[in-house]
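Asks: For reference, the sequence and a predicted model appear below.
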Amino acid sequence: MDLLFPVSIVMWVLAAAGVAWYVATMASEVTYVTLADGRRQARQLPVLFKALLPFAQNFYPLMRGSVMRGVVERAKVKLVQGGFEGLLSAEEFVALKMMLLWVIPDLWLRDMVKRRHLSIQKALPFVLDLLTLSVEAGMDFISALQRNCKLRKLDPLNEELLRMTKEIQVGRSRRDALREMAERVGQRDLKAVAFALVQADELGVSIGAMLRIQSDQLRARRFDRAEKLAAEAPVKMLGPLMLCIFPAVFIILLGPVLTQAVKGVF
């Protein structure tokens, strides 16, 4: 009995050290996705996800029902939109949902999709301007896309354009590649541009003219969004004002009165 307590303490310390080593190893591991041209781009997963992924396959039998298959398919769409295709499978993600109270992975993935869409939204008008100038200077659309992908840094928009150009190079039609990119990404502005280019291709309209129209429309929408955010700023500032400034004013004005009242009592 005397030896049992110290032995149990040592076992608990060793177990804690093993868990700490495992978590540290997972945290230091860098994860990548493979782009269309073979390059690898870093994608960081939460440490908790990395630590639990080895246990994900134990939950695969629970996904065989029709209801769970729908959950898996929706997760697959969101993972592609978030840029994690090839790094985190839909089955692994649903297994993480089962291990982490279901909601936490969804909140993380929703935030990743939102960030990726915002990056595409910000970069799209600038890319359209470059494509418009290139096409109007006499370059064909695919060559302009390739030149854009070569000169710009690898951001989410450039990754998707690079994938689209590679699909066209291997024999896919430009219309199908544009439609596939629009559905795959799911970002509103990019979908509008892609479908406009598909219509221009079907109707024989000049690609340069269509690009310029879309660029002007995106710039106008960006200006409208900026005006909307500016109009919402006073309302958003009202809460901090109520919580911070008004109590401070109250204390400054009534502080001396309260001090004198306390002195009078004691």
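Replies: Okay, I see it. A quick note: this is a predicted structure, and the numbers were derived from the prediction, not measured. Numbers count the residues shown, from 1 in each chain.

Asks: Just read off the phi/psi values of the most centrally placed residue in the chain.
Replies: The structure's the chain has its C-alpha centroid closest to Met112; by Cα atoms, centre = their mean the separation is 2.5 Å. The phi/psi pair for Met112 (degrees, to the nearest 10) reads phi -60, psi -40.

Asks: Just list the residues touching it, thanks.
Replies: Met112 makes contact with Gly82, Gly83, Phe84, according to Cβ atoms under 8 Å, 6 or more residues apart in numbering. Where C-beta positions appear, they are placed from N, C-alpha and C, glycine not excepted.

Asks: From those residues, pick the one nearest Phe141.
Replies: Gly83 (24.5 Å; Cβ to Cβ).

Asks: so the closest one sits in a helix?
Replies: No. Using DSSP: H, G, I helix; E, B strand; the rest coil, the assignment for Gly83 is coil, not a helix.

Asks: Tell me how far Gly82 lies from Lys166.
Replies: As defined by Cβ to Cβ, to the nearest Å, Gly82 lies at a distance of 20 Å from Lys166.

Asks: Settle it for me: which of the two has more neighbours?
Replies: More crowded of Gly82 and Lys166, by other Cβ atoms under 10 Å: Gly82, with 23 against 17.

Asks: separation between the more buried one and Ala144?
Replies: Computed with Cβ to Cβ, the distance linking Gly82 and Ala144 is 28 Å.

Asks: Count the residues that sit near Lys122.
Replies: The burial count for Lys122: 14, using other Cβ under 10 Å.

Asks: Sort out which residues of stretch 32-46 are buried, please.
Replies: Residues of stretch 32-46 classed as buried: Val33, Leu35, Ala36, Arg43, Leu45 (neighbour count, 16 or more other Cβ atoms under 10 Å).

Asks: Can you read off the pLDDT for the third one?
Replies: We note a pLDDT of 76 for Ala36 in this prediction.

Asks: And it, how far from Pro156?
Replies: 13 Å.

Asks: now the first one
Replies: Look at Val33 and Pro156: by Cβ to Cβ, they are 11 Å apart.

Asks: Touching both of the two, which residues are there?
Replies: Gly83.

Asks: Where does pLDDT dip in the chain?
Replies: 1-8, 10, 17-30, 232-233, 236, 238-239, 241-266 (pLDDT under 70).

Asks: which residues of it fall in helices?
Replies: In the chain, the segments counted as helices under DSSP state H are 4-28, 47-52, 66-81, 90-99, 103-136, 141-151, 156-169, 174-185, 188-203, 207-240, 246-265.

Asks: Mind checking those helices for the one nearest to Tyr60?
Replies: Comparing the helices of the chain by Cβ to Cβ, helix 90-99 comes nearest, at 5.9 Å.

Asks: Leaving out chain neighbours, which residue sits closest to Arg221?
Replies: Nearest non-adjacent residue to Arg221, counting by Cβ to Cβ, 6 or more residues apart in numbering: Asp189, 7.2 Å away.

Asks: Please read the previous query as pertaining to Ala209.
Replies: Excluding the flanking residues, the one nearest Ala209 by Cβ to Cβ, 6+ apart is Ala200, at 7.9 Å.

Asks: Kindly provide the distance from that neighbour to Ile207.
Replies: 6 Å.

Asks: got it, and Arg172?
Replies: Distance from Arg172 to Ile207, by Cβ to Cβ: 18 Å.

Asks: for Gly83, same thing?
Replies: Counting by Cβ to Cβ - Gly83 and Ile207 are separated by 27 Å.

Asks: got it, and Trp102?
Replies: Counting by Cβ to Cβ - Trp102 and Ile207 are separated by 46 Å.

Asks: end to end, how far does stretch 144-158 reach?
Replies: This stretch, stretch 144-158, spans 13 Å end to end (Cα to Cα, to the nearest Å).

Asks: Of the contacts of Met112, which is the nearest to Val235?
Replies: Gly82 (30.5 Å).

Asks: With adjacent residues omitted, what lies nearest to that closest one?
Replies: The nearest residue in space to Gly82 (Cβ to Cβ, 6+ apart) is Met112, at 4.0 Å.
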